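Peer 1: Need a 3D model of the sequence below.
(chains A and B)
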Protein chains: 2
Amino acid sequence: MAKISHVSPLAPARFPDLPVIDGVTFASTAAGVRYQGRTDLMLALLTPGTVIAGTFTKSATRSAPVLDCQAKLGSDPQTGAAILVNSGNSNAFTGQRGVESVQAITLATATACGVPQARVFTASTGVIGEPLPHQRIIDKLDELAKAQTPDTIQAAARAIMTTDTFPKGATAKIKINGKTVKIAGIAKGSGMIAPDMATMLVYVFTDARVDQAVLQDHISAQTDRTFNCITVDSDTSTSDSLIVAATGASGVDVTHHPAYWSALEDVMRELAQQVVRDGEGASKFVQITVSGAASAQDAKTHAMAIANSPLVKTAIAGEDPNWGRVVMAVGKSGAAADRDRLAIWFGDILVAENGWVSPQYDEAQAAAYMKNAELSLRVDLGLGAFGSTVWTCDLTHGYIDINADYRS
Amino acid sequence: MAKISHVSPLAPARFPDLPVIDGVTFASTAAGVRYQGRTDLMLALLTPGTVIAGTFTKSATRSAPVLDCQAKLGSDPQTGAAILVNSGNSNAFTGQRGVESVQAITLATATACGVPQARVFTASTGVIGEPLPHQRIIDKLDELAKAQTPDTIQAAARAIMTTDTFPKGATAKIKINGKTVKIAGIAKGSGMIAPDMATMLVYVFTDARVDQAVLQDHISAQTDRTFNCITVDSDTSTSDSLIVAATGASGVDVTHHPAYWSALEDVMRELAQQVVRDGEGASKFVQITVSGAASAQDAKTHAMAIANSPLVKTAIAGEDPNWGRVVMAVGKSGAAADRDRLAIWFGDILVAENGWVSPQYDEAQAAAYMKNAELSLRVDLGLGAFGSTVWTCDLTHGYIDINADYRS
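Peer 2: Numbers count the residues shown, from 1 in each chain, chains lettered A, B, ... in the order given. The predicted structure is shown next:
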């Protein structure tokens, strides 16, 4: 186990007040899967009619719970549903035993909660390659089913943490035709992979009414613009899972209300950014914007090349406005670029233009800017009309400390 | 300037004895381009008839000297030629002024050495974005032209260093039809990008006789199997250049002698591995072999995903046989993999097979293996007949120290 040290310096001041979402209840407990002295298991129950959509890691080595969830997304929403998440063990790369654990857990949850097994969605996060002691989880299911309350989402956010230094939550309320629709989301993640292949998990609850296919289309696109726009270390988990559950309890059909989808995307973006803010060893939160690209894909490729470059990330850690490394990252990305059309800004400071340092560039001013904990870095390629914005953190000694630690 | 500390713990015991290559002479001097108290400029002169081939960075932001060299590769080999390299300033991202510097330097070199300007190949390595003070270089050309000697290649290897902790050299001799053909190469590089976008530079000299097109075909393929199989930090220089100069002085046409090409590739591989051994902050040299891939491209993609993963590299630094991170890297690479067919070895130790930890795996044995400075990591995908081998180093606090340092 890596050290769970003090709270990230980039953490929000406090956990937000998340509203109760009609049709959703929670309970958490300490099942002792791996951690001692803390909660590590949460169960959310969803009212009959709840529509569930999800996005998952594209890893070719994804875990048994991920494969199980993906197969269940289209299940009939007329019944209730359950979301069960444990921390401490990811049940990843556990072969046939991992599949058997998911079978056993989802069957027991179905029985304890009175929902079909096809409507039980599980996730596991923590150490990999060790068999999941699933009986410890099953033994707690009756207790969790009985203890359900609508206002304990913050405790749920804590139970799914691994090396996170703070629980992550975000919320929105939207008025539609005089009625209020609510969204409340929680997430865990600290590095694409926390030390032992722990993962990013995201659960968003809403009382909106919407068809599954519509919800799935929206969150797939939104994931591309939010969770797929963050990177801590370029590594990709075997277990990343995002699930959005829409209970319909507000009675408001949101299908044709762009304001709702915009609010949902705001919640997703806020949770994604909180994951970066808890990036392993992070001391700076960095927004990287690329504009003027020849295509949307080129813009994203350049932005992620900058965000993932160890040399850019260490320069940021050193508070060095090293724009040369940004040029290097753009050059290596493989997407279209013209060295002599590049312009680069650190914050509002124009650093480079027309293939060279800007005549008005003042290194002392840029160095002062780099001392901020929240940084914005912009590159204009001068080639086209496409752009992309991604978020990352710096690469520090803290990252090495956490990840070069021996597991046991 | 980052600190040039003690010699890398992975350095060879000594610089090899490089033979004189008939038709090649060298001289080095201190031009004060940026560094003080050391040599920073080397000139190699090549006899008329010398054939020159090269491979260069694919970066979209490559430097003016790289673009100039690429344009000159096909120049008429009947005349003599010159290779001029400075360290301290890379003349990269210097706009039109950079082009003018290359013009001025190559013209002055042609005049001083009595060779056509189209046969002057230059490279610059060091800080980027600052105008190259090219008059300091030009002022030394007469001295360098007069001081040429055939046995000073080691001094040349030192003059092109930036943050390298040791000069890099390799050699081979091959008997063909009773005659000896010789190869001597030097390189610089320490991180794909040393702290200020310094770069990897490689110069190989041989007295073989060969057509330019044949030489170019061979070294292009060999670069893919050697220098394109190393990674320190996944970052790609704007200035990487490799030049092979064949003087023909041995009188031996090597075109149809596979033993020669094999020896040349050995020299290239040895130089490539020395660059990794001087990787910034490196404490472990790691060979990564992927076998059983569905295609050659898949094998390379998986091997480089493992070699570039910050989580794999920090685990190696921590001497942790964390095979879960290897599974993660294979999963994220995007190339074909089947979780349940993966097998993983650390050295000769079978760690995982059939999608899970191997029954005979002994963690204490694997942990003991990880204490070696030279490690071998092998993954079999169980899908096909293709393989790839790449070389990398670990990711340590030393890398952060070097790269989070403010430039000035």
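Peer 1: Point me to the residue of the stretch 51-200 of chain A nearest chain B.
Peer 2: Closest to chain B within the stretch 51-200 of chain A is A:Thr61: 3.1 Å, counting by C-beta to the nearest C-beta. All C-beta atoms are positioned from the backbone trio N, CA, C, and that covers glycine.
Peer 1: Look up how far B:Asp298 lies from the residue nearest to that residue when sequence neighbours are not counted.
Peer 2: Among residues not flanking A:Thr61 along the chain, B:Gly331 sits closest, at 3.1 Å (C-beta to C-beta, 6 or more residues apart in numbering or on different chains). From B:Gly331 across to B:Asp298, the span is 13 Å (C-beta to C-beta, to the nearest Å).
Peer 1: Those two: who's more crowded?
Peer 2: Using other C-beta atoms under 10 Å in any protein chain shown as the criterion, B:Gly331 and B:Asp298 rank with B:Gly331 on top: 27 against 22.
Peer 1: Doesn't the more buried one lie inside a strand?
Peer 2: No: membership of B:Gly331 in a strand is not supported by DSSP: H, G, I helix; E, B strand; the rest coil, which gives helix.
Peer 1: Thought A:Gly32 was touching A:Arg136, still the case?
Peer 2: Yes: with contact defined as C-beta atoms under 8 Å, A:Arg136 counts as touching A:Gly32 (5.7 Å).
Peer 1: Now the residue in chain A sticking out farthest from the centre. Its backbone dihedrals?
Peer 2: Most distant from the centre of chain A: A:Pro359, at 40.5 Å, with distances by C-alpha atoms, centre = their mean. The phi and psi values for A:Pro359, taken as degrees, to the nearest 10, are phi -60, psi -30.
Peer 1: Poorly predicted segments of the stretch 1-150 of chain A, please.
Peer 2: Filtered on pLDDT under 70, the stretch 1-150 of chain A yields the residue ranges A:1-5.
Peer 1: Could you list the contact residues of it toward chain B?
Peer 2: A:57, A:59-62, A:92-97, A:127-129 (C-beta under 8 Å from any C-beta of the partner chain).
Peer 1: So which of those residues sit within strands?
Peer 2: Judged by DSSP state E, the subset of those located in strands is A:Val127.
Peer 1: Now a PyMOL select for only the buried ones of the residues of the stretch 1-150 of chain A next to chain B.
Peer 2: To isolate the buried ones among the residues of the stretch 1-150 of chain A next to chain B in PyMOL, judged by 16 or more other C-beta atoms under 10 Å in any protein chain shown, type:
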select buried, chain A and resi 57+59+60+61+62+92+93+94+95+127+128+129
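Peer 1: Quick check: closest non-adjacent residue to A:Ala315.
Peer 2: A:Asn322 (3.9 Å).
Peer 1: Run a quick neighbour tally on the one you found.
Peer 2: Using other C-beta under 10 Å as the criterion, the residues surrounding A:Asn322 number 27.
Peer 1: what's it sitting at in phi/psi?
Peer 2: As for A:Asn322, its main-chain torsions (degrees, to the nearest 10) stand at phi -90, psi 80.
Peer 1: roughly how far apart are it and A:Ser309?
Peer 2: Using C-beta to C-beta, one gets 11 Å for the distance from A:Asn322 to A:Ser309.
Peer 1: ok, now how distant is A:Lys313 from B:Tyr399?
Peer 2: From A:Lys313 over to B:Tyr399 (counting by C-beta to C-beta), the distance is 11 Å.
Peer 1: These two: which has the busier surroundings?
Peer 2: A side-by-side neighbour count of A:Lys313 and B:Tyr399, using other C-beta under 10 Å, places A:Lys313 first with 32 against 27.
Peer 1: just to revisit the earlier point, test my guess that the residue nearest to A:Thr61 contacts A:Ala92.
Peer 2: No: with contact defined as C-beta under 8 Å, B:Gly331 does not reach A:Ala92; the gap is 9.1 Å.
Peer 1: Next, count neighbours for the nearest residue to A:Arg38 once chain neighbours are set aside.
Peer 2: Distances taken as C-beta to C-beta, 6+ apart place A:Ala30 nearest to A:Arg38, at 6.3 Å, with adjacent residues excluded. Residues within reach of A:Ala30, counting by other C-beta under 10 Å, total 15.
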